[in-house]
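Peer 1: the amino acid sequence is not available; the structure is as follows:
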């Protein structure tokens, strides 16, 4: 069975998602992505926090574009089926799909990691193109070129080595590997790459400077497809009777598009509807100690700002530079906030930072109770200033509700 080239993984995963009770139709993104096929803008990197629907969209794209597994029935009746370009691209491409989180083992090296990846892809290519089996072709790009075909690349968790701080001394080599595989290659019809961390820009000659990026800080084009809109959440609530839209909103709303439309954490919404109760699902998705990690940097009174945000007071600040893959620990206040926005721990809209919702508020409150925060934790418990902020915020919310 193929592991990378024309594999069935994306098709199978989207098939399961399509039949889920709380499936939300995000297929309109396909039309926007298809506009980039075989153009200079065919390199696309979209980075969002964990559990914001990145892999679901990625599998949807793989199921739609891949030619090996016919998927017309899966997309029948969905938004993309009403697009003028629907049949032009449906099941029309050879697909190369892989995730970079597949490690060979604890004590193995970067060479083992990238070597296994190359071996798997090479085996898949030879299986799909048996006429190449006896040809002596050294490099993976040359082997792909020898097929004479064009491919759509679907890459998940591109930043895994960076976000998990693995093979630090070879992270530059990894970027060069991706550059050599993808950049200026005639066999590349499209690259759709996703992860949490944006690509670090070392210079105008950066290894992956061919990518157009869309992030939590800057995404005027694809943002509505990552996270649930209020209309989508309202429709989901109608599929059950235990939770109301107001309850879901209090717990999981708090992000927004550039034009002010509300966005909800999709995984948490679905989990709450399935369980019939609202609770924090964020902590079960990975390293929630990121909150504590960033708060322990008391640069520019960051922790005092967080105390205010915990008490519903937004912080006005201009954030222009993103926290990216391979970047060292945040060195100043803006870098700390940029990192927290990228990880989805804070929301940023119209130059204001705030804690998005009750789910995240609980995690911040727990973090502030840590003994390492000393006077800050005491301030949370006893400050008259903070009580005033609370009263003011509560009054504001009552007026808005009226």
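Peer 2: Cool, got the structure. This is a predicted model, so every value here is computed, not measured.

Peer 1: what's the strand ranked longest in the chain packed up against?
Peer 2: When the chain is parsed with DSSP state E, its longest strand is strand 188-195. Other helices and strands packing on strand 188-195, by 3 or more CB pairs under 8 Å, 6 or more residues apart in numbering; DSSP states H and E, are strand 43-47, helix 54-65, strand 151-156. Using the backbone N, CA and C atoms, a C-beta is placed for each residue, glycine as well.

Peer 1: in that strand, which residues are buried?
Peer 2: Residues 188-195 are the ones in strand 188-195 that count as buried (16 or more other CB atoms under 10 Å).

Peer 1: show me the strands paired with that strand, marking each as parallel or antiparallel.
Peer 2: strand 43-47 (parallel), strand 151-156 (parallel) (DSSP bridges).

Peer 1: and the two most separated of the buried residues of strand 188-195?
Peer 2: 189 and 195 (21.1 Å; CB to CB).

Peer 1: any idea how far residue 310 is from the spatially closest residue to residue 37 that is not a sequence neighbour?
Peer 2: Leaving out its chain neighbours, the residue that sits closest to residue 37 by CB to CB, 6 or more residues apart in numbering is residue 190, at 4.8 Å. Distance, residue 190 to residue 310, using CB to CB, to the nearest Å: 43 Å.

Peer 1: what does residue 147 give?
Peer 2: On the measure of CB to CB, residue 147 and residue 310 end up 56 Å apart.

Peer 1: and of the strands paired with strand 188-195, who's closest to residue 234?
Peer 2: Here strand 43-47 is closest among those (CB to CB), at 25.3 Å.

Peer 1: angle of that closest one against helix 54-65?
Peer 2: 150 degrees (axes from the mean of the first three to the mean of the last three CA atoms, to 10 degrees).

Peer 1: let me know the outermost residue of this structure.
Peer 2: residue 134 (40.4 Å; CA atoms, centre = their mean).

Peer 1: quick one: that one and residue 2, what's the gap?
Peer 2: 20 Å.

Peer 1: rewinding a little: so what's the residue nearest to residue 37 bridging to?
Peer 2: Beta-bridge partners of residue 190, as defined by DSSP bridges: residue 152.

Peer 1: can I assume it is in contact with residue 30?
Peer 2: No. Assessed by CB atoms under 8 Å, residue 190 is found out of contact with residue 30, at 11.4 Å.

Peer 1: for the residue nearest to residue 2 when sequence neighbours are not counted, what are its contacts?
Peer 2: Distances taken as CB to CB, 6+ apart place residue 124 nearest to residue 2, at 4.7 Å, with adjacent residues excluded. By CB atoms under 8 Å, 6 or more residues apart in numbering, residue 124 lies in contact with 2-7.

Peer 1: at 10 Å what do you get?
Peer 2: Residue 124 makes contact with 1-7, 96, 98, according to CB atoms under 10 Å, 6 or more residues apart in numbering.

Peer 1: which secondary structure element is home to it?
Peer 2: helix 110-128 (DSSP states H and E).

Peer 1: could you point out which element follows that helix?
Peer 2: Heading C-terminal from helix 110-128 (DSSP H and E), you reach helix 140-146.

Peer 1: pLDDT of that next one, averaged?
Peer 2: The pLDDT scores in helix 140-146 average 96.

Peer 1: list the contacts of that helix.
Peer 2: Residues contacting helix 140-146 (CB under 10 Å, 6+ apart): 5, 94, 96, 117-119, 121-122, 125-126, 129, 131-132, 135, 137, 139, 150-151, 177, 180-188.

Peer 1: which SSE is immediately downstream of the longest strand of the chain?
Peer 2: Using DSSP H and E, the first helix or strand after strand 188-195 is strand 212-214.
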